[in-house]
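S.K.: what's the 3D shape of this:
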Amino acid sequence: MTWIKLMINDGEYFIECKNPNKDHWAVTRGGAVLNNDDLEFEYEPIPSARTNDFIGRTRFNLEEAKALLQRYIDGQ
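M.R.: Below you'll find the model as predicted:
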């Protein structure tokens with residue numbers, strides 16, 4: 001469940017709070033999330049199919065999420 005959603009670039013990207021109890025934020029575009037492995041968007045599976053590896057490469061604190069998105073935008 002998303003509790004907070006920040007719109008970036010007129011809605012092209014969002015930074016969403018995916019788990020407020022753990023300060024887990026994700027950079028999203030459509031049904032995909034940005035990963036920190038190779039700065040690529042990947043499909044976000046349903047919650048029961050999300051592995052610990054997936055969570056580790058696609059969830060960040062808010063400052064990390066903003067910085068990751070900026071790196072992605074700067075690299076485009």
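S.K.: Count the neighbours of the residue nearest to Glu40 when sequence neighbours are not counted for me.
M.R.: Using Cβ to Cβ, 6 or more residues apart in numbering and skipping the chain neighbours, the partner closest in space to Glu40 is Leu34 (7.4 Å). Using the backbone N, CA and C atoms, a C-beta is placed for each residue, glycine as well. Neighbourhood size, Leu34 [other Cβ atoms under 10 Å]: 24.
S.K.: separation between Leu34 and Arg59?
M.R.: According to Cβ to Cβ, to the nearest Å, Leu34 stands 11 Å off from Arg59.
S.K.: and for those two, which residues touch both?
M.R.: Each of Ala26 lies in contact with both Leu34 and Arg59 under the rule Cβ atoms under 8 Å, 6 or more residues apart in numbering.
S.K.: tell me the contacts of the residue nearest to Glu40?
M.R.: For Leu34, the contacting residues are 26-28, 40-41, 58, 68-69, 72, taking Cβ under 8 Å, 6+ apart as the criterion.
S.K.: Buried residues, stretch 34-41. List them.
M.R.: Judged by neighbour count (16 or more other Cβ atoms under 10 Å), stretch 34-41 contains these buried residues: 34-36, 41.
S.K.: Give me the contact list for the longest helix along the chain.
M.R.: Among the segments of the chain that qualify as a helix by DSSP state H, the longest is helix 62-75. With contact meaning Cβ under 8 Å, 6+ apart, helix 62-75 is reached by 8-9, 13, 15, 17, 23, 25-27, 34, 36, 39, 60.
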